[in-house]
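Q: Following is a predicted model, sequence given first.
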Amino acid sequence: MIKARDRRVQGIFMADKNSSKEELARIVERLDESGAASVIAFAKRLAFAGENSAQKTSRQKMMDRRLLDLRETVRKNPEKWTVDAMAESIGLTRSRLSVIYKEKFGDSPDKEKRKFLNQKALDLLSSTNKSVQKIASECGYNECENFIRAFRKSNGMSPLQFRKTLDLQGK
């Protein structure tokens, strides 16, 4: 009797993760006939887990949509966002957002925000005649020196040097 039960248990463990509910129900029926109550409970949990995977997929799609929307919102106005505000806006902790965001987009939320700020600065420098101080302020920097330092780190030159290269190239 023990060996027969072991073979039935193996049948459950060997069932493919994508087994249909009907196949799992058939296994449960066979086990039910032999009186293997604990294995039956396991099989029922396994079937329930299969049903929940569809819900997880739905939740994952919803989270993906929320992350994409958040990313687009931050891209439009990066100076108005902090990582804490991003996390709060989609109902996650800062650390959980950082993990999920990096898995989805390849960079941390903070690094992406800096990229978006840098792109905004490049756009403003190349399309307007605003002062560097005014652009720094529009990019959310309280101190122009911090903006220049961040710009130089990202682009290898100061904002004024960038403008000069544009003038030399004839915009």
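A: Received the coordinates, thanks.
Q: ok, the closest residue to residue 146 other than its chain neighbours - contacts?
A: Spatial nearest neighbour of residue 146, chain neighbours left out: residue 136 (7.7 Å); criterion: Cβ to Cβ, 6 or more residues apart in numbering. Using the backbone N, CA and C atoms, a C-beta is placed for each residue, glycine as well. By Cβ atoms under 8 Å, 6 or more residues apart in numbering, the contact list for residue 136 reads 143-144, 146-148.
Q: Can you spell out which helices and strands pack onto the one helix or strand residue 85 maps to?
A: Here residue 85, judged by DSSP states H and E, is contained in helix 83-89. Judged by 3 or more Cβ pairs under 8 Å, 6 or more residues apart in numbering; DSSP states H and E, the packing partners of helix 83-89 are helix 37-76, helix 94-105, helix 109-127.
Q: and the longest one, average pLDDT?
A: The average pLDDT within helix 37-76 is 77.
Q: same question, the last one
A: Average pLDDT, helix 109-127: 96.
Q: okay, it in CSV with CA atoms only?
A: Output of helix 109-127 as CSV, limited to C-alpha atoms (Å, rounded to 0.1, in the frame of the first residue of the first chain):
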residue,chain,number,x,y,z
PRO,A,109,14.3,55.4,-10.4
ASP,A,110,16.9,57.9,-9.2
LYS,A,111,19.2,57.2,-12.1
GLU,A,112,16.4,57.5,-14.6
LYS,A,113,15.3,60.8,-13.0
ARG,A,114,18.8,62.2,-13.4
LYS,A,115,18.8,61.0,-17.1
PHE,A,116,15.5,62.8,-17.6
LEU,A,117,16.8,66.0,-15.9
ASN,A,118,19.9,65.8,-18.1
GLN,A,119,17.8,65.5,-21.3
LYS,A,120,15.7,68.4,-20.2
ALA,A,121,18.8,70.5,-19.6
LEU,A,122,20.2,69.5,-23.0
ASP,A,123,16.9,70.4,-24.7
LEU,A,124,16.7,73.8,-22.9
LEU,A,125,20.4,74.6,-23.7
SER,A,126,20.0,73.8,-27.3
SER,A,127,16.6,75.3,-28.0
